[in-house]
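Student: Model the following, please.
(2 chains)
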Amino acid sequence: MAKSEDCIHILQGLLVFGNVVIGICGIALTAECIYFVSDPHGLYPLLEATENDDIYAAAWIGIFVGFALFALSILGIIGIIKSDRTLLLVYIILMLITFAFEMASCITAATHRDFLTPNLFLKQMLERYQKAEPDNNNDKWMTEGVTKTWDKLMLQNHCCGVLGPSDWQEYTSAFRVTHNDADFPWPRKCCAMDAQGLPVNLDGCKLGVPGYYNSNGCYDAISGPVNTHAWGVAWFGFAILCWTFCVLLGTMFYWSGIEY
Amino acid sequence: LLPLLLLLLPAAHGEVEHVQYAPFLTKTPVLEGLTTGSTFVLEQPRCVFDKYSDADIWLVVALKSTAAAFNNSVLPGTAKSAFQNFPSTAPAYMTLNATLANYPCPKPPGDITVLRVGSETNCIRDEARPTCNGPLPGPGPYMVKFLALKGSEPVAETDWSLPIMLRTAKSPNSISTTDGGHSAGMIALTTILSILFAILLAGLVAMLVFWGSDACGGSSTFSKPEAVTVRRYNTHHVYDQPAARL
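Tutor: Presented below is the predicted three-dimensional model:
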């Protein structure tokens, strides 16, 4: 009898510990997702214009799921200590619902990350950067967002285009419609700038002399933060869910053993 | 004396000296904009026209198909060599006028000595500027040569360059955005999570189905609730006994 009591206590202890970890991870998930939603790198307009911003939806779901996990873990701890069948049943059902939501968030983040290829950003940049005549208000909003974001990206990261300045030469673009090829082989923001924000040597930039223009592409500067965002939401969520799976199985096992 | 006379004779007859030099696109430094949609970058003809310190050195730009039709006696700044008439009525145009002073020899090491053909955009349609260095009207192929004129007489020319092709731009509609495929990580994540969720649902169903039955209550681990009841009863007795004794 004493031995079975010890077993029960161990199981209770393990489940309480499991729930504490779930609670802490829930808070961490909420914090991480709030960080991503706040868009510290300013890349949201690019994703909004691709109409493929579901990694942000995944992060929003993550915020609420994290909070729910924290609340439910407290409920679970109370239920386990009191050995209350009703409380634990409510806990298990609500946890399963939260599990389903978090699963959706992880899968969405992982799937939509796969859509964000260099070609997608290239096409969007060529079609929208400095587009002169937007079709409607929505188009105007997206065009302004894309233009401002690209200008900021190219200035801060000292890069040009998605794969390089040749992007502007290999393809026609909305930019090319209003800026002729001889004066603007690539946008001015691709030039090496001085402290006042003017090109150091405009002729050197137009010729493409090394040192007077940005020769790298910006794809690394875009994909780095986006990857961190998507994989952060997807894989951290996956880890939490694996742990939650074990805790839930243990709780179901515990629940089925409680006398009523 | 005779060789000197022989040298002077061609000049007297207006022969154009053929300099063994062909214009070429700049090789060093490597330029990103060596050829664009409407411009290209030539190396300056340094140490080529050293004998002609008082001549005007012009660049002649022609299409590969019209180069043969160009006559050296055409004067720059006329309709037959105007940029605005190229390539419709003029087989070639003459531009980038310079003298030997602009091309000092030898070239200082480290200097970038280039001629950007097509850089002037403000005189494209200005008929008053026939020697405009305007952007080239198509992808080419173009051939260029340098021609030295003394007054209005051509005195030296270089070879025609190799054909120069400019870049043609494709439409962005040709960019395919749908061939990404799914990464291995995403497939693994989806599969594993689906399996875990299915197991949990099965467990929940099993729980609810066996709610009423004692099928799972047989092993010793689950006699814990009974042990608790007995223990409470014992405690009650323990407290009772001393009270009874008193």
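
Student: From here on, just use CA atoms for contacts and neighbour counts.
Tutor: Fine.

Student: Centroid-nearest residue for chain B?
Tutor: Centroid check for chain B by C-alpha atoms, centre = their mean gives residue B:32 as the closest residue, at 6.9 Å.

Student: Next secondary structure after the helix or strand containing residue A:75?
Tutor: Assigned by DSSP states H and E, residue A:75 belongs to helix A:54-82. Counting by DSSP H and E, the next helix or strand C-terminal to helix A:54-82 is helix A:85-113.

Student: is chain B contacted by the very next helix or strand once past that next one?
Tutor: As assigned by DSSP H and E, the chain's next helix or strand after helix A:85-113 is helix A:118-128. Yes - residues of helix A:118-128 are located near chain B by C-alpha under 8 Å from any C-alpha of the partner chain, namely A:119-120, A:123, A:126-127.

Student: Would you tell me which one of those residues comes nearest to residue A:94?
Tutor: Lowest distance from residue A:94 to the residues of helix A:118-128 next to chain B (C-alpha to C-alpha) belongs to residue A:120, with 39.0 Å.

Student: before we move on, back to that, nearest to residue A:9, out of the residues of helix A:118-128 next to chain B: which one, please.
Tutor: Taking the residues of helix A:118-128 next to chain B together and measuring to residue A:9 by C-alpha to C-alpha, the closest member is residue A:120, at 55.8 Å.

Student: measure that closest one to residue B:33 for me?
Tutor: Applying C-alpha to C-alpha, to the nearest Å, the value for residue A:120 to residue B:33 is 25 Å.

Student: of those two, who's got more company?
Tutor: More neighbours surround residue B:33 than the other of residue A:120 and residue B:33, with 23 against 18 (other C-alpha atoms under 10 Å in any protein chain shown).

Student: rewinding a little: export the residues of helix A:118-128 next to chain B to CSV and append columns for distance to residue A:47 and pLDDT.
Tutor: Converted to CSV, the residues of helix A:118-128 next to chain B look like this (distance: C-alpha to C-alpha, whole Å; pLDDT from 0 to 100):
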residue, distance to residue A:47, pLDDT
A:119, 13, 92
A:120, 10, 91
A:123, 13, 92
A:126, 15, 93
A:127, 14, 92
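
Student: of all the residues you listed, which two lie farthest apart?
Tutor: Greatest spatial distance in those: A:119 and A:127, 12.1 Å, computed using C-alpha to C-alpha.

Student: sorry, back to before: and the helix holding residue A:75, how far out from the chain middle?
Tutor: For helix A:54-82, the separation from the chain centroid amounts to 19 Å (computed by C-alpha atoms, centre = their mean, to the nearest Å).

Student: Looking only at stretch A:40-50, what residues are buried by neighbour count?
Tutor: A:43-47, A:49-50 (16 or more other C-alpha atoms under 10 Å in any protein chain shown).

Student: Tell me how many other residues surround residue A:66.
Tutor: 27.

Student: Let me see the contact set for it.
Tutor: A:25-30 (C-alpha atoms under 8 Å, 6 or more residues apart in numbering or on different chains).

Student: Over to residue B:53?
Tutor: B:99-101.

Student: could you say which helix or strand contains it?
Tutor: Residue-wise, residue B:53 maps onto no helix or strand under DSSP H and E.

Student: Please report how far it lies from residue B:17.
Tutor: Counting by C-alpha to C-alpha - residue B:53 and residue B:17 are separated by 15 Å.

Student: now residue B:177
Tutor: Taken as C-alpha to C-alpha, the span from residue B:177 to residue B:17 is 57 Å.

Student: Now the two most distant members of the contacts of residue A:66.
Tutor: So, the contacts of residue A:66 by C-alpha to C-alpha: farthest apart are A:25 and A:30, at 8.5 Å.

Student: Residue B:130 contacts residue B:79, doesn't it?
Tutor: Yes - assessed by C-alpha atoms under 8 Å, residue B:130 is found in contact with residue B:79 at 7.4 Å.

Student: quick one, which of those two is more surrounded?
Tutor: Per other C-alpha under 10 Å, whichever of residue B:130 and residue B:79 has more neighbours is residue B:130, with 24 against 17.

Student: Contacts only, for the more buried one.
Tutor: Contact analysis of residue B:130 by C-alpha under 8 Å, 6+ apart lists B:76-79, B:81-84.

Student: ok so, going back, am I right that the residue nearest to the centre of chain B is in a helix?
Tutor: No - under DSSP: H, G, I helix; E, B strand; the rest coil, residue B:32 sits outside any helix and is assigned coil.

Student: Enumerate every residue touching the residue lying closest to it once chain neighbours are set aside.
Tutor: Leaving out its chain neighbours, the residue that sits closest to residue B:32 by C-alpha to C-alpha, 6 or more residues apart in numbering or on different chains is residue A:208, at 4.4 Å. Applying C-alpha under 8 Å, 6+ apart, we find residue A:208 in contact with B:31-34.

Student: backbone phi and psi for residue A:208, please?
Tutor: Phi and psi for residue A:208, reported as degrees, to the nearest 10, are phi 90, psi 40.

Student: quick one, longest helix in chain A?
Tutor: As assigned by DSSP state H, the longest helix anywhere in chain A is helix A:219-257.

Student: Pull out the buried residues from it.
Tutor: For helix A:219-257, by 16+ other C-alpha under 10 Å, it's A:219, A:221-223, A:225-227, A:229-238, A:240-245, A:247-252, A:254-257.

Student: where in the stretch 151-260 of chain A is pLDDT low?
Tutor: Residue ranges of the stretch 151-260 of chain A with pLDDT under 70: A:260.

Student: What residues does it have near chain B?
Tutor: A:165-166, A:169-173, A:181-183, A:185, A:206-210, A:238, A:241-242, A:245, A:248-249, A:252, A:256-259.

Student: any idea of the angle the top helix by length along chain B forms with helix A:219-257?
Tutor: Ranked by residue count, the top helix of chain B under DSSP H comes out as helix B:184-209. For helix B:184-209 against helix A:219-257, the angle by axes from the mean of the first three to the mean of the last three C-alpha atoms, to 10 degrees is 20 degrees.
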